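based on what follows, work out the 3D shape:
(chains A and B)
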2 protein chains.
Amino acid sequence: MPVGTAGTVKALTQEMLETLDARIILGNTYHLFLRPGHETVRELGGLHKFISWPRSILTDSGGFQVFSLGELRKIREEGVEFRSHLDGSKQFLSPEVSMQIQHALGSDVAMCFDECTPFPASPKQAKDSLEMTSRWARRSRVEFDRLKGTAQSTGVGSSLFGINQGSIYQELRRQSLEQLVEIGFEGYAIGGLSVGEEKSQMYDITEFIAPQLPADKPRYLMGVGTPEDLIECVARGVDMFDCVMPTRNARNGQVFTSAGKLNVRNARFIRDERPLDDACECVVCRRYSRAYIRHLYNSGEMLAATLCSYHNLAFYLDSMRSIRQSITLGEFASYRTSFLSKFRSRSNEE
Amino acid sequence: MPVGTAGTVKALTQEMLETLDARIILGNTYHLFLRPGHETVRELGGLHKFISWPRSILTDSGGFQVFSLGELRKIREEGVEFRSHLDGSKQFLSPEVSMQIQHALGSDVAMCFDECTPFPASPKQAKDSLEMTSRWARRSRVEFDRLKGTAQSTGVGSSLFGINQGSIYQELRRQSLEQLVEIGFEGYAIGGLSVGEEKSQMYDITEFIAPQLPADKPRYLMGVGTPEDLIECVARGVDMFDCVMPTRNARNGQVFTSAGKLNVRNARFIRDERPLDDACECVVCRRYSRAYIRHLYNSGEMLAATLCSYHNLAFYLDSMRSIRQSITLGEFASYRTSFLSKFRSRSNEE
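The predicted structure is shown next:
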């Protein structure tokens, strides 16, 4: 899922996302709650209508952003008090409020309000945290179901996903999942990873817990990751991802290609007439050269970010399409080997 | 002509310019000379290939930018010494060098290297200045023709336009034109306007000199202007314009509509579900609301500039298409009255 924090996947139009055939994008509850405000979005007919995106939208719960505020927030059983990063105003989020906001936004997939356990956390801290997440998950479920029955509902067909926590402790991950499954959700996410732990720990926890998530429901690994992470975590059982990397890195000139990463601002591209990725058929690679895109960065031109964001998302979405196809054909193992070997081939160039 | 200073019409892709049906864009010789350098552009196959724009390109001569440098430049008969605004390096432009750069860029329409007479200028200053412009125009013509015959030519079918000067003095404008016509060009431009004089002076000089430009050659008013200016100056005999206004103003939230200007950042648009312009059929107006675009500005999102630049160019290019059609139908006078009356109707709203 491309990330559209404030109701826009940065530097791209919705037409471009359709050309990329993005089926679902992520919107941030925290950002949209503060600006323009969920009541404004509701009055404007919900997030789909407001941003003109008829395809699916998943909204996060706001929890991750609020916990990232550090000094600016105070966590209690009832919910989280925090100060807006925009104007310092006092705000409050709880499972109920988060569900109300996501309901007002009219998202297709709402996420439970969870506590994203910080890293590192002792087993005791991680256990306390996941248990609050489980209590909040139950409150999220109750409020979500209540809202779904109300007349003003804008997200009648929507789903609610639970979020697994437990830090890097397998037994805690298992307990968390057990409690979530008992409540029952339309999908299950793995949270609390990509927050500072070693990559091998992220892979290990994913490998441990993903196969235990209900097989008939979507399995979503939150906030991950690099192209290698996607294929490695699909191998470990994950179906869905979101990550700002393809768009955020694009704005700094970092481009993902089938032969690995490159930074198009590099002086060696000044006369390079090749596309960003020879193997890519996106409209950017069919039309523009590395030399031109490097020139745009060098001149501080916005078009640079647009072209690289477009290409990076094309690369990510194409990779996921190829992964799906290889699974359907029973050829995922060989696809994985070939993808990784090609993707790593450029490492010595950089 | 949309202005594509550094080889990009800011915030838009070339695909968008094609959807807008822009037939010709303007590139800045000064900017491309300094970055990435005209020799680099030549090696990459010329500006059309470099930026992937197969349609027409007009390049200015670099004169206007160089004269705007003030303290950083020194004008002599031979040419102009100046320091780059990018790195302070010493550079030199002359009629010959300007033609060589525009030839390397491969532009379809090259402009003579002229001295843009500053405003205000005494009759004596204006006369000296236009006479140097005439001598430079002759040198431009000679060098342009020499280059056109060379084997490496990338702009074989290209044209050279002369630039009329003379400040706000009718007699000097006439003398300048006489000298240019004696040399002979494929088109004639009116320069040295929109540089600080009263709008009525700009209209008066245009009304005086435009009809005297050869009727069988394009007449181009440089650096003008507002939507009202376009229609008023067409009425005075002008065929072609360039101006950064539709794109530059868009980046500040100023939008041109059939009912006048509006600034979409204004708080009163927070829940306004209407398109930027009810009467516009561009893809932005068909899809996005004022409320959404206001939200994008308010959130510092790049997409705001893209959507408003697109719409503003749609409005400018649609206006010019309607003007052409009304002339063909012999209905220009009534079109002019109706356009201006509608365009001014919103003034009391702002």
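
can you give me how far the strand of greatest length in chain A is from the chain middle?
Longest strand in chain A, counting residues (DSSP state E): strand A:159-164. A distance of 14 Å separates the C-alpha centroid of strand A:159-164 from that of its chain, computed with CA atoms, centre = their mean, to the nearest Å.

hmm, who's touching it?
Strand A:159-164 is touched from outside by A:61, A:108-112, A:114, A:133, A:137, A:140-141, A:144, A:173, A:176-177, A:180, A:183, A:185-192, A:209, A:213, A:218, A:220, A:222, with contacts defined as CB atoms under 8 Å, 6 or more residues apart in numbering or on different chains. C-beta coordinates here come from the backbone N, C-alpha and C atoms, glycine included.

so what's the residue most central in space within chain A up against?
To find the centre residue of chain A, average its C-alpha atoms and take the closest one (CA atoms, centre = their mean): that gives residue A:242, at 2.2 Å. Neighbour list for residue A:242: A:1, A:2, A:3, A:26, A:58, A:220, A:222, A:223 [criterion: CB under 8 Å, 6+ apart].

format these as a markdown table; extra columns: distance to residue B:161, secondary structure and pLDDT.
Written out in a markdown table, the entries for those read as follows (distance: CB to CB, whole Å; DSSP: H, G, I helix; E, B strand; the rest coil; pLDDT from 0 to 100):
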| residue | distance to residue B:161 | secondary structure | pLDDT |
| --- | --- | --- | --- |
| A:1 | 51 | coil | 98 |
| A:2 | 45 | coil | 98 |
| A:3 | 48 | strand | 98 |
| A:26 | 51 | strand | 98 |
| A:58 | 55 | strand | 97 |
| A:220 | 60 | strand | 98 |
| A:222 | 59 | coil | 97 |
| A:223 | 56 | coil | 95 |
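
which of those residues sits closest to residue A:294?
Within the contacts of residue A:242, the smallest distance to residue A:294 is 24.1 Å, found for residue A:2 (CB to CB).

need the nearest residue in space to the closest one, chain neighbours excluded.
Distance criterion CB to CB, 6 or more residues apart in numbering or on different chains; nearest residue to residue A:2, sequence neighbours excluded, is residue A:9 at 4.6 Å.

wouldn't that neighbour be in contact with residue A:20 here?
No: Residue A:9 is beyond contact range of residue A:20, at 9.3 Å (criterion: CB atoms under 8 Å).

please, a PyMOL command that selects the buried ones among the contacts of residue A:242?
Of the contacts of residue A:242, the buried ones can be selected in PyMOL as follows, counting by 16 or more other CB atoms under 10 Å in any protein chain shown:
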select buried, chain A and resi 1+2+3+26+58+220+222+223
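
rewinding a little: what strands line up against the longest strand of chain A, and which way round?
Paired neighbours of strand A:159-164 in the sheet (DSSP bridges): strand A:109-111 (parallel), strand A:187-190 (parallel).

average pLDDT across the longest one?
Going back to what we said before, that points to strand A:187-190. Across strand A:187-190, pLDDT averages out at 98.

which residues does that strand contact?
Contact partners of strand A:187-190, identified using CB under 8 Å, 6+ apart, comprise A:109, A:111, A:159, A:161-164, A:177, A:180-181, A:205-206, A:209-210, A:213-214, A:217-222, A:238, A:240.

any idea which helix or strand comes after it?
helix A:199-209 (DSSP states H and E).

buried ones in that following helix?
Judged by neighbour count (16+ other CB under 10 Å), helix A:199-209 contains these buried residues: A:202, A:203, A:205, A:206, A:208, A:209.

that helix: how far from the chain's middle?
That offset, for helix A:199-209, works out to 18 Å (CA atoms, centre = their mean).

and the contacts of it?
Applying CB under 8 Å, 6+ apart, the contact partners of helix A:199-209 are A:164, A:166, A:168, A:170, A:173-174, A:177, A:190, A:193-194, A:221, A:224-225, A:229, A:232-233, A:236-238.

and these, which are buried?
Judged by neighbour count, with 16+ other CB under 10 Å as the criterion, the buried members of these are A:164, A:166, A:168, A:173, A:177, A:190, A:193-194, A:221, A:224-225, A:229, A:232-233, A:236-238.

inside helices: which ones of these?
Among the buried ones among the contacts of helix A:199-209, the members falling in helices (DSSP state H) are A:173, A:177, A:229, A:232, A:233.

which one of those residues is nearest residue B:284?
residue A:229 (35.9 Å).

what's the distance between residue A:58 and chain B?
With distances taken as CB to the nearest CB, to the nearest Å, residue A:58 is found 19 Å from chain B.

so which bits of chain A are right by chain B?
Within reach of chain B by CB under 8 Å from any CB of the partner chain, chain A has these residues: A:6-8, A:10-15, A:31, A:35-36, A:40, A:43-45, A:50-52, A:270-271, A:273, A:283, A:287-289, A:291-292, A:295-296, A:298-299, A:301-303, A:305-307.

what residue in the stretch 51-200 of chain A comes nearest to chain B?
Using CB to the nearest CB, the point where the stretch 51-200 of chain A gets nearest to chain B is residue A:52, with a distance of 4.9 Å.

list the contacts of residue A:175.
When the contact criterion is CB under 8 Å, 6+ apart, the partners of residue A:175 are A:127, A:130, A:166.

for the residue nearest to residue A:2, identify the helix or strand it belongs to.
In this structure, residue A:9 sits in neither a helix nor a strand according to DSSP H and E.

go on, residue A:82?
strand A:80-83.

strands paired with the helix or strand just after that strand, and their directions?
Note on strand A:80-83: by DSSP H and E, the next helix or strand toward the C-terminus is strand A:90-93. As defined by DSSP bridges, the strand partners of strand A:90-93 come to strand A:80-83 (antiparallel).
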